[in-house]
Every structure is written in structure tokens, then in C-alpha cells.
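In: What follows is a protein structure lacking sequence information:
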């Protein structure tokens, strides 16, 4: 008997790709900024991702160079918008 369901975003790469989809869905503002609440609101409430999956996905995306996370923690930027559109 299986007591737990498989988590769709347990793999950090899958979580990062979904975060990138959310990031590309919003129109950037002032210097290419995407406010972090646009991403972190959609991931747990729409996709039902956990905070651990969210942070692992965000870390994966920044390590791969897909996102640039600002020191203030209030926004991210797409590092290479032309290349990041082909990540799906």
C-alpha cells in the first residue's frame, strides 16, 4: 500500500522549469525586473508546490544561469531571455 503521492516537483529541474514558465508569463518592468511575488505566489497556490520544492527550483535556476536573483530578494531577472524561452 502506498501512503504518499508522488510529488510532481520533487526534481529541482522540473521545479526550476516551472518557475521559468511563471517568470516568462509576466511582463517585465524597469530594467527587466520580475517581482519575486509573481513567481512565489503562483508556485505554491496554482501548482501546489512545497516551499522546499520552490527554493530548490529557484536555486537550480540561478545555478544554471537561467535567473539572476537580486540581493534584496525582491526581484529576479531572466539572464538570457532568448535562450530561456527554449527551456521547455
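Out: Done, it's in. Since we're looking at a predicted model, the values are computed, not measured.
In: check contacts around the most centrally placed residue in the chain.
Out: What sits nearest the mean C-alpha location of the chain, by CA atoms, centre = their mean, is residue 19, with 2.3 Å. Taking CB atoms under 8 Å, 6 or more residues apart in numbering as the criterion, residue 19 is in contact with 39, 43, 54, 57, 58, 61, 67. Every residue, glycine included, has its C-beta placed from N, CA and C.
In: Spit out the contact partners of residue 23.
Out: 34, 38, 39, 67, 76, 78.
In: Which pLDDT value goes with it?
Out: Residue 23 carries a pLDDT score of 88 in this model.
In: In CSV: the contacts of residue 23, plus neighbour count, pLDDT and distance to residue 50.
Out: As requested, the contacts of residue 23 are exported to CSV (neighbours: other CB atoms under 10 Å; pLDDT from 0 to 100; distance: CB to CB, whole Å):
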residue, neighbour count, pLDDT, distance to residue 50
34, 20, 89, 22
38, 16, 84, 19
39, 24, 85, 15
67, 24, 91, 19
76, 24, 89, 20
78, 20, 89, 24
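In: Just the closest of these to residue 13, please.
Out: residue 67 (13.5 Å; CB to CB).
In: circling back: just the ones of the contacts of residue 23 in strands?
Out: Among these, the members found in strands (DSSP state E) are 34, 67, 76, 78.
In: Including distance to residue 8, could these go into JSON lines?
Out: Below are the ones in strands among the contacts of residue 23 laid out as JSON lines (distance: CB to CB, whole Å):
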{"residue": "34", "distance to residue 8": "23"}
{"residue": "67", "distance to residue 8": "20"}
{"residue": "76", "distance to residue 8": "22"}
{"residue": "78", "distance to residue 8": "23"}
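In: Quick check: the farthest pair among those?
Out: 34 and 67 (8.5 Å).
In: what is in contact with those two at once?
Out: In contact with both residue 34 and residue 67: 23, 76, 77, 78, using CB under 8 Å, 6+ apart.
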